[in-house]
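[1] build me a structure from this.
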Amino acid sequence: MKTTTLLIFSLLFSLNLFGQQENKQIVRLAKLVIDSAQLESYNAFLKDEIEASVSLEPGVLTLYAVAEKDRPSHITILEIYADEEAYRKHIQTPHFIKYKNGTRDMIRSLELIDTTPLVPGMKIK
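    This next block holds a predicted model:
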(Lines give C-alpha, C1' and ligand atoms only; values in the text may rest on other atoms or scores of the structure.)
Protein backbone atom coordinates (compact mmCIF):
# COMPACT_ATOMS: atom_id res chain seq x y z
CA MET A 1 0.00 0.00 0.00
CA LYS A 2 2.83 2.38 0.88
CA THR A 3 4.52 1.70 -2.47
CA THR A 4 1.27 2.36 -4.37
CA THR A 5 0.74 5.66 -2.55
CA LEU A 6 4.31 6.71 -3.26
CA LEU A 7 3.95 5.75 -6.92
CA ILE A 8 0.70 7.74 -7.29
CA PHE A 9 2.24 10.76 -5.55
CA SER A 10 5.29 10.58 -7.84
CA LEU A 11 3.08 10.34 -10.92
CA LEU A 12 0.90 13.28 -9.85
CA PHE A 13 3.98 15.35 -9.04
CA SER A 14 5.53 14.61 -12.42
CA LEU A 15 2.24 15.53 -14.12
CA ASN A 16 2.34 18.80 -12.16
CA LEU A 17 -1.04 18.31 -10.50
CA PHE A 18 0.13 19.52 -7.06
CA GLY A 19 0.89 23.08 -8.10
CA GLN A 20 2.21 25.16 -10.90
CA GLN A 21 5.83 24.43 -11.64
CA GLU A 22 7.83 27.46 -12.71
CA ASN A 23 7.83 27.64 -16.48
CA LYS A 24 11.16 28.96 -17.70
CA GLN A 25 10.26 28.81 -21.37
CA ILE A 26 10.50 31.94 -23.46
CA VAL A 27 7.40 32.20 -25.67
CA ARG A 28 7.27 35.08 -28.09
CA LEU A 29 5.47 36.27 -31.19
CA ALA A 30 7.52 38.09 -33.79
CA LYS A 31 5.32 40.18 -36.06
CA LEU A 32 7.08 41.38 -39.20
CA VAL A 33 6.23 43.35 -42.28
CA ILE A 34 8.50 42.54 -45.21
CA ASP A 35 9.22 44.63 -48.28
CA SER A 36 6.93 42.93 -50.80
CA ALA A 37 9.51 43.29 -53.59
CA GLN A 38 11.92 41.17 -51.50
CA LEU A 39 9.43 38.68 -50.06
CA GLU A 40 10.71 35.66 -51.99
CA SER A 41 14.29 36.28 -50.83
CA TYR A 42 13.15 36.90 -47.28
CA ASN A 43 11.19 33.64 -47.19
CA ALA A 44 14.28 31.72 -48.37
CA PHE A 45 16.39 33.20 -45.55
CA LEU A 46 13.62 32.48 -43.05
CA LYS A 47 13.22 28.86 -44.17
CA ASP A 48 16.97 28.20 -43.88
CA GLU A 49 17.16 29.82 -40.45
CA ILE A 50 14.16 27.98 -39.03
CA GLU A 51 15.23 24.58 -40.36
CA ALA A 52 18.77 25.00 -38.98
CA SER A 53 17.59 26.29 -35.61
CA VAL A 54 15.07 23.51 -35.00
CA SER A 55 17.39 20.73 -36.16
CA LEU A 56 20.64 21.95 -34.56
CA GLU A 57 19.56 23.64 -31.33
CA PRO A 58 17.93 21.50 -28.63
CA GLY A 59 16.83 24.65 -26.78
CA VAL A 60 14.77 25.88 -29.75
CA LEU A 61 11.50 24.07 -29.14
CA THR A 62 9.40 25.74 -31.84
CA LEU A 63 9.81 28.27 -34.62
CA TYR A 64 6.63 28.35 -36.67
CA ALA A 65 6.12 31.06 -39.27
CA VAL A 66 2.87 32.00 -40.99
CA ALA A 67 1.94 34.69 -43.51
CA GLU A 68 -1.43 36.38 -43.69
CA LYS A 69 -3.43 35.14 -46.70
CA ASP A 70 -4.51 38.58 -47.86
CA ARG A 71 -1.22 40.27 -46.92
CA PRO A 72 1.62 37.76 -47.51
CA SER A 73 4.26 40.30 -46.53
CA HIS A 74 2.80 40.31 -42.97
CA ILE A 75 4.48 37.41 -41.17
CA THR A 76 4.07 36.13 -37.63
CA ILE A 77 6.54 33.71 -36.06
CA LEU A 78 5.76 31.71 -32.92
CA GLU A 79 9.04 31.26 -31.05
CA ILE A 80 9.40 28.89 -28.10
CA TYR A 81 12.76 28.45 -26.37
CA ALA A 82 13.50 26.14 -23.44
CA ASP A 83 14.76 29.07 -21.35
CA GLU A 84 16.58 32.39 -21.49
CA GLU A 85 19.94 30.67 -22.00
CA ALA A 86 18.63 28.79 -25.05
CA TYR A 87 17.40 32.07 -26.53
CA ARG A 88 20.76 33.80 -25.90
CA LYS A 89 22.60 30.88 -27.55
CA HIS A 90 20.18 30.97 -30.49
CA ILE A 91 20.80 34.61 -31.36
CA GLN A 92 24.56 33.96 -31.42
CA THR A 93 24.47 31.04 -33.88
CA PRO A 94 25.92 31.45 -37.37
CA HIS A 95 22.57 30.62 -39.02
CA PHE A 96 20.69 33.26 -37.00
CA ILE A 97 23.36 35.89 -37.67
CA LYS A 98 23.23 35.04 -41.39
CA TYR A 99 19.43 35.46 -41.33
CA LYS A 100 19.59 38.72 -39.37
CA ASN A 101 22.26 40.28 -41.57
CA GLY A 102 20.76 38.98 -44.81
CA THR A 103 17.25 40.26 -44.11
CA ARG A 104 18.07 43.56 -42.40
CA ASP A 105 17.05 45.68 -45.42
CA MET A 106 14.01 43.52 -46.20
CA ILE A 107 12.19 44.05 -42.91
CA ARG A 108 9.98 47.15 -42.83
CA SER A 109 8.81 46.61 -39.24
CA LEU A 110 9.42 44.15 -36.43
CA GLU A 111 7.46 43.80 -33.20
CA LEU A 112 8.51 41.24 -30.58
CA ILE A 113 5.71 40.32 -28.20
CA ASP A 114 6.59 38.33 -25.09
CA THR A 115 3.68 36.13 -24.08
CA THR A 116 2.47 33.98 -21.22
CA PRO A 117 1.23 30.53 -22.25
CA LEU A 118 -2.31 29.92 -21.05
CA VAL A 119 -1.82 26.13 -21.05
CA PRO A 120 1.94 25.91 -20.38
CA GLY A 121 2.17 22.11 -20.33
CA MET A 122 0.57 21.72 -23.74
CA LYS A 123 2.81 20.10 -26.33
CA ILE A 124 2.76 20.94 -30.00
CA LYS A 125 2.38 17.75 -32.03
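[2] so where do the helices sit in the protein?
    Applying DSSP state H to the chain gives helices spanning 2-14, 39-56, 84-90, 94-103.
[3] who are the packing partners of the last one?
    The reference is to helix 94-103. helix 39-56 (3 or more C-beta pairs under 8 Å, 6 or more residues apart in numbering; DSSP states H and E). Glycine gets a C-beta too; all of them are placed from N, C-alpha and C.
[4] report the contact partners of the most centrally placed residue in the chain.
    Nearest residue to the geometric centre of the chain (C-alpha atoms, centre = their mean): E79, 1.8 Å. Taking C-beta atoms under 8 Å, 6 or more residues apart in numbering, we find E79 in contact with 26-30, 62-63.
[5] equivalent analysis for P117, please.
    Applying C-beta under 8 Å, 6+ apart, the residues near P117 are 23, 25, 27.
[6] is it true that the second one touches L78?
    No: if you go by C-beta atoms under 8 Å, Q25 and L78 don't touch, sitting 12.0 Å apart.
[7] pLDDT weak spots in the protein?
    Residue ranges of the chain with pLDDT under 70: 1-22.
[8] buried ones in stretch 76-94, by neighbour count?
    Residues of stretch 76-94 classed as buried: 77, 79-82, 86-87, 89-90, 93 (neighbour count, 16 or more other C-beta atoms under 10 Å).
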